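Let me see the structure of the following:
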Amino acid sequence: MSGISSPYQINEKVAFLYEKGGGIVRRFDANGLIFVEDEDGFERPFPSNELVKIYGSDYHLPEDNLAHLIEDDTISTSQHTIRKEKQSGTNKSMDVWEIDLHIESLLDSNLGMSNSEILAVQMKEFRNFFNRAKAKNVRKLIVIHGVGAGVLKDDVRLFLDKKDGIEYYDADFREYGKGATAIEIRYTQV
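Residues are numbered from 1 along each chain as shown. Presented below is the predicted three-dimensional model:
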């Protein structure tokens, strides 16, 4: 493979991004295609953005897309910050949880991921964040989703529309610009 760089190496394990299964990188061609020997012993060409490196012994990706991964704190990669904010009309302060849903904040690399896969990861992280906040009775959340085409913002707000006791609005422009949503959660007294 002269003059063409590849993120993969010969004999490296890879999974197929758009189909079930995976294999071993066997060779490269002058057009940048990577030839992978699949699990049935056939050598097949792929562009590098349709492959994913495998670091363990298993090269089977989830059967469904990333939106169906188990939502659980233990696999969540998101980091959120907690700050104090004065409650309006009182001298008490409350915890405000913030999360940045930019994909660069959630994953080390999104190379080769489609827009829908990126959105699925972002929404999984948001749902985990929201559920953890509710479990801890956090009253205010800030979700930094960015401006972009507005798809993530729309999906976050669509999710919130299905919840009771939720009020949301654009977060403070001076602090977050146009790319954040503030969420207030009202808990019922039992």
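
quick one: the strands in this protein?
Shown for the chain, the strands assigned by DSSP state E span residues 13-16, 22-28, 34-38, 43-46, 51-53, 80-86, 93-100, 140-144, 166-170, 180-185.

of all these, which gets the most neighbours per residue?
strand 140-144 (a mean of 21; mean count of other Cβ atoms under 10 Å). C-beta coordinates here come from the backbone N, C-alpha and C atoms, glycine included.

roughly how far apart are the closest residue to residue 16 other than its chain neighbours and residue 7?
Spatial nearest neighbour of residue 16, chain neighbours left out: residue 22 (5.7 Å); criterion: Cβ to Cβ, 6 or more residues apart in numbering. Per Cβ to Cβ, to the nearest Å, residue 22 is found 15 Å from residue 7.

before we move on, the earlier item: pretty sure the residue nearest to residue 16 contacts residue 54?
Yes. Using Cβ atoms under 8 Å, residue 22 is in contact with residue 54, at 6.2 Å.

Mutual contacts of the two, please.
13, 14, 15 (Cβ atoms under 8 Å, 6 or more residues apart in numbering).

now the angle between strand 180-185 and the helix ranked longest in the chain, please.
Counting by DSSP state H, the longest helix found in the chain is helix 115-135. Helix 115-135 and strand 180-185 are oriented at 30 degrees to each other (axes from the mean of the first three to the mean of the last three Cα atoms, to 10 degrees).

any chance of the shared contacts of residue 22 and residue 54 in a markdown table, plus distance to residue 117 and pLDDT?
Shown next, in a markdown table, are the shared contacts of residue 22 and residue 54 (distance: Cβ to Cβ, whole Å; pLDDT from 0 to 100):
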| residue | distance to residue 117 | pLDDT |
| --- | --- | --- |
| 13 | 20 | 87 |
| 14 | 16 | 82 |
| 15 | 13 | 82 |
